[in-house]
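J.: Give me the fold of what follows.
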Amino acid sequence: MDKTAEKRTEFENIYVAHYSRMKRFAQEYVIREEDAENIVQDVFLDLWEQNLLLLSHTNLFAYLFTAVKNRCIDFLRHKTIVQKTTDKLQDDYMKALQIKFQSLETFDEQLFSEPDIETTIQTAIESLPQKCREIFILNKIEGKKQKIIAQELNISINTVESQMAIAYKKLKEVLKDHVPLLIFLFI
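T.: Numbering: from 1, shown residues only. Reported below is the predicted structural model:
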């Protein structure tokens, strides 16, 4: 029998002898059977790749338990971090929902029923400097991307961005008493 066949037979014997015990041990800590299987299979894969089973001075049983224990620790650390991140994102999402809910509850429907709402918006837009107004209309009313506007007007994208910033600032000032209009314009 050649060395590779001997190695494979020895590995199979070790695998059969220890896999179930290692899996039960891992599952005790990681809970899900699939996770325990993955951890134990990774440990055995490492064992195969590193040829540790041929080292007679290694206490194989202790090595396997230590390797599985360490993999479980790494797995649980990772799961803890993922769960904390998920909880934080969920918390942020809930806060955003509450703010949106409160905003909608206090939303003044009268504002949009005013007969001169279009006039208010048009006057605010007309109060912008000419180039600023042109860029704002192309972007927000016509829905063109800033890159396209820069090409059409033969100006840099930085100019488009700075003019949009000026437009936002001026419209915020002019429409400060009409908060829902600001939201409508800037969405």
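
J.: Now do the helix or strand hosting residue 93: which elements does it pack against?
T.: In the assignment (DSSP states H and E), residue 93 maps to helix 60-106. Where contact means 3 or more CB pairs under 8 Å, 6 or more residues apart in numbering; DSSP states H and E, helix 60-106 is packed against helix 3-30, helix 33-50. In this view, the C-beta of every residue, glycine as well, is placed from N, C-alpha and C.

J.: Show me what the first one is packed against.
T.: The reference is to helix 3-30. Against helix 3-30 (3+ CB pairs under 8 Å, 6+ apart) you get helix 33-50, helix 60-106.

J.: Deepest in the core, which of these is it.
T.: helix 33-50 (a mean of 16; mean count of other CB atoms under 10 Å).

J.: how far off helix 3-30 does that helix point, in degrees?
T.: Going by axes from the mean of the first three to the mean of the last three CA atoms, to 10 degrees, helix 33-50 is angled at 150 degrees with respect to helix 3-30.

J.: Run the chain-centre distance for helix 33-50.
T.: 29 Å (CA atoms, centre = their mean, to the nearest Å).

J.: Show the average pLDDT along it.
T.: Averaged over helix 33-50, pLDDT sits at 93.

J.: ok, residues contacting that helix?
T.: 11, 14-15, 19, 22-24, 26-27, 30, 52-53, 63-64, 67-68, 71-72, 75 (CB atoms under 8 Å, 6 or more residues apart in numbering).

J.: returning to that earlier point: angle of the helix holding residue 93 against helix 3-30?
T.: Going by the same axes, to 10 degrees, helix 60-106 makes 50 degrees with helix 3-30.

J.: Give me the most central residue, the chain.
T.: Taking CA atoms, centre = their mean as the criterion, residue 89 is the residue nearest the geometric centre of the chain, at 8.8 Å.

J.: If I look at that one, what pLDDT would I see?
T.: Confidence score, pLDDT, at residue 89: 91.

J.: quick one on the thing from earlier: now distance to residue 140 too, for the helices and strands packed on helix 3-30, in a markdown table please.
T.: Converted to a markdown table, the helices and strands packed on helix 3-30 look like this (distance: least, CB to CB, whole Å):
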| stretch | distance to residue 140 |
| --- | --- |
| helix 33-50 | 50 |
| helix 60-106 | 21 |
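
J.: out of those helices, nearest to residue 152?
T.: helix 60-106 (35.1 Å; CB to CB).

J.: now the closest one: how far from the chain's centre is it?
T.: Worked out by CA atoms, centre = their mean, helix 60-106 lies 12 Å from the chain centre.

J.: likewise stretch 8-26?
T.: 38 Å.

J.: Let's test this: mean pLDDT of it, rounded?
T.: Mean predicted lDDT for stretch 8-26 stands at 91.

J.: same question, stretch 144-158
T.: 92.

J.: got a list of contacts for it?
T.: Under CB under 8 Å, 6+ apart, the answer for stretch 144-158 is 134, 135, 138, 139, 159, 160, 161, 164.
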